[in-house]
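*Asks:* 3D model of this:
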Amino acid sequence: MIRIFKNPETLLPALADFIVSRSKALIEQEGRFNLVLSGGSSPKRLYELLASTSYRNKIEWARVFFFFGDERYVPLDHKDSNFLMAKNTLFDSLKIPEDHVFPIDTSLPPAESAAAYEKQIRGHFTNTCNFDLILLGLGDNSHTASLFPHTTVLHEKNALVKEIFVKEVNMYRITFTAPLINLAHAIAFLVYGESKAEAVHHILEDSPNVEEYPAQLIKPENGELHWYLDTAAAARIKDN
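*Replies:* Now for the predicted structure:
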């Protein structure tokens, strides 16, 4: 489902409302809500909104468990850490218990870090690792999570979490693989700004070419796929 909003100011509350409704439904059914966060500047604004007085009391935070779809291979207190951004914008403000937050342990060597995170994920779920909601962003180069163009992780079929050295940014990343993402009950892309319009067009309208456009890999097996776009990001979609 594609939802297009005039600007980020209308888009972000709509996605926040979606998270509220999903969390209420899953907490009522299962007693908990397993949410996967993404990094970057766009979700930062979303997390700040969720922690604001407008939303902080709409979600039963004590029943939410937080995971990360990817992480830069930097210390967790590094300015570029996705965990640190979420901690500063969401966890500290909402007083989320530490045992409800699952950061990626970047103190381990990259391959061990990925394996340890996969073990944590498998330990959290009784059976299949179906997250209730995975939030994703989209890079200008059509990457999502740390599934970058022309990287070996794009063809991973078995591992749920994988380390990958990304030449483009000259660093390791730890990332969910496409098979794990596609097990989710719901996936929501948050994309806004004119710099994203070309990538959105490639993902949604071009012929399959996952080497060039990795976000095309995201096709939930049995879940829902939602795109939250502003008009600038949707500018190259036909008939939008």
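*Asks:* Which helix runs longest in this structure?
*Replies:* In the chain, taking DSSP state H as the definition, the longest helix is helix 8-30.
*Asks:* Tell me which stretches of the protein form helices.
*Replies:* Remark: helices assigned in the chain by DSSP H are 8-30, 41-50, 82-86, 92-94, 110-124, 178-181, 197-205.
*Asks:* buried set for the fourth one?
*Replies:* Meaning helix 92-94. For helix 92-94, burial by neighbour count (16 or more other Cβ atoms under 10 Å) applies to L94. All C-beta atoms are positioned from the backbone trio N, CA, C, and that covers glycine.
*Asks:* Can you point out the buried residues in stretch 23-36?
*Replies:* S23, L26, I27, R32, F33, N34, L35, V36.
*Asks:* show me what contacts A111?
*Replies:* Residues near A111 by Cβ atoms under 8 Å, 6 or more residues apart in numbering: E163.
*Asks:* do the same with L35
*Replies:* So L35 contacts I19, S23, V64, F65, F66, F67, F131, D132, L133, L135 (Cβ under 8 Å, 6+ apart).
*Asks:* tell me the pLDDT at the third one?
*Replies:* The reference is to V64. pLDDT, V64: 98.
*Asks:* got the residue ranges for the strands in the chain?
*Replies:* For the chain, the strands defined by DSSP state E occupy 2-5, 33-37, 64-68, 70-72, 133-136, 161-166, 171-176, 186-191, 224-230.
*Asks:* tell me what the fifth one is packed against?
*Replies:* By that I understand strand 133-136. Applying 3 or more Cβ pairs under 8 Å, 6 or more residues apart in numbering; DSSP states H and E, one finds that strand 133-136 contacts helix 8-30, strand 33-37, strand 186-191.
*Asks:* my guess is M1 meets Y228, correct?
*Replies:* No. With contact defined as Cβ atoms under 8 Å, M1 does not count as touching Y228 (9.5 Å).
*Asks:* Out of those two, name the residue with the larger neighbour count.
*Replies:* Y228 (24 against 8; other Cβ atoms under 10 Å).
*Asks:* Now do stretch 121-129: distance to the chain's middle.
*Replies:* The chain centroid and the centroid of stretch 121-129 are separated by 18 Å under Cα atoms, centre = their mean, to the nearest Å.
*Asks:* which parts of it are buried?
*Replies:* Using 16+ other Cβ under 10 Å as the test for burial, stretch 121-129 gives I121, C129.
*Asks:* how long is that stretch from one end to the other?
*Replies:* With Cα to Cα, to the nearest Å applied, stretch 121-129 spans 7 Å between its terminal residues.
*Asks:* same deal with stretch 156-165?
*Replies:* OK, stretch 156-165 end separation, Cα to Cα: 14 Å.
*Asks:* What are the contacting residues of it?
*Replies:* For stretch 156-165, using Cβ under 8 Å, 6+ apart, the contacting residues are 73, 110-111, 113-115, 117-118, 121-122, 129, 146, 148, 151-153, 171-180.
*Asks:* Give me the buried subset of the residues you listed.
*Replies:* Buried among those by 16+ other Cβ under 10 Å: 73, 110, 113-115, 117-118, 121, 129, 146, 148, 151, 153, 172-178, 180.
*Asks:* Now render the strands of the chain as JSON lines, adding distance to E48.
*Replies:* Formatted as JSON lines, the entries for these read as follows, by distance: least, Cβ to Cβ, whole Å:
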{"stretch": "strand 2-5", "distance to E48": "18"}
{"stretch": "strand 33-37", "distance to E48": "13"}
{"stretch": "strand 64-68", "distance to E48": "15"}
{"stretch": "strand 70-72", "distance to E48": "20"}
{"stretch": "strand 133-136", "distance to E48": "14"}
{"stretch": "strand 161-166", "distance to E48": "27"}
{"stretch": "strand 171-176", "distance to E48": "24"}
{"stretch": "strand 186-191", "distance to E48": "13"}
{"stretch": "strand 224-230", "distance to E48": "16"}
